[in-house]
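K.L.:
predicted coordinates and the sequence they were generated for:
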Amino acid sequence: MALNHVQDAKVQAWLQKHFTSCRNCGGNQMAGGDIIAGSSIGPGGSVQIGGATTPMLQVICTKCAYVHLFAAVPMGLP
């Protein structure tokens, strides 16, 4: 799910408050990506189909393209 303008503003404000630098390259310019559904992991590390999921926001480093995943709900997103 792509972010609308209000959601993007929330993400930018959250990143300015909580995020310091890319863990891959040390860059500090990030772009919000899409909200995706995280997979549920079952017993033995198997992926569960139809289990509970956590909405995750992709935040992409504009310097090296590393994708960081953050839980969307604590960031104020649905």
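P.N.:
It's in.

K.L.:
what ranges does the protein have for its strands?
P.N.:
Ranges of strands in the chain, per DSSP state E, are 30-37, 40-41, 47-48, 55-61, 67-71.

K.L.:
just name the most buried of the ones you listed.
P.N.:
strand 55-61 (a mean of 19; mean count of other C-beta atoms under 10 Å). C-beta here means a position set from N, CA and C on the backbone, and glycine is covered the same way.

K.L.:
sheet partners, orientation included, of that strand?
P.N.:
Within its sheet, strand 55-61 is paired with strand 30-37 (antiparallel), strand 67-71 (antiparallel), according to DSSP bridges.

K.L.:
of these, which shows the lowest average pLDDT?
P.N.:
For these, mean pLDDT drops lowest on strand 30-37, to a mean of 82.

K.L.:
and residue 62, what does it touch?
P.N.:
27, 29-31 (C-beta atoms under 8 Å, 6 or more residues apart in numbering).

K.L.:
just give me the neighbour total for residue 72.
P.N.:
Residue 72: 23 surrounding residues under other C-beta atoms under 10 Å.

K.L.:
next: the one 3 residues further on.
P.N.:
By the criterion of other C-beta under 10 Å, residue 75 has 19 neighbours.

K.L.:
give me the pLDDT for the nearest residue to it once chain neighbours are set aside.
P.N.:
Nearest residue to residue 75 in three dimensions, chain neighbours excluded: residue 14, at 4.7 Å (C-beta to C-beta, 6 or more residues apart in numbering). On pLDDT, residue 14 comes in at 89.

K.L.:
tell me the spacing between residue 14 and residue 50.
P.N.:
To residue 50, residue 14 is 30 Å away according to C-beta to C-beta, to the nearest Å.
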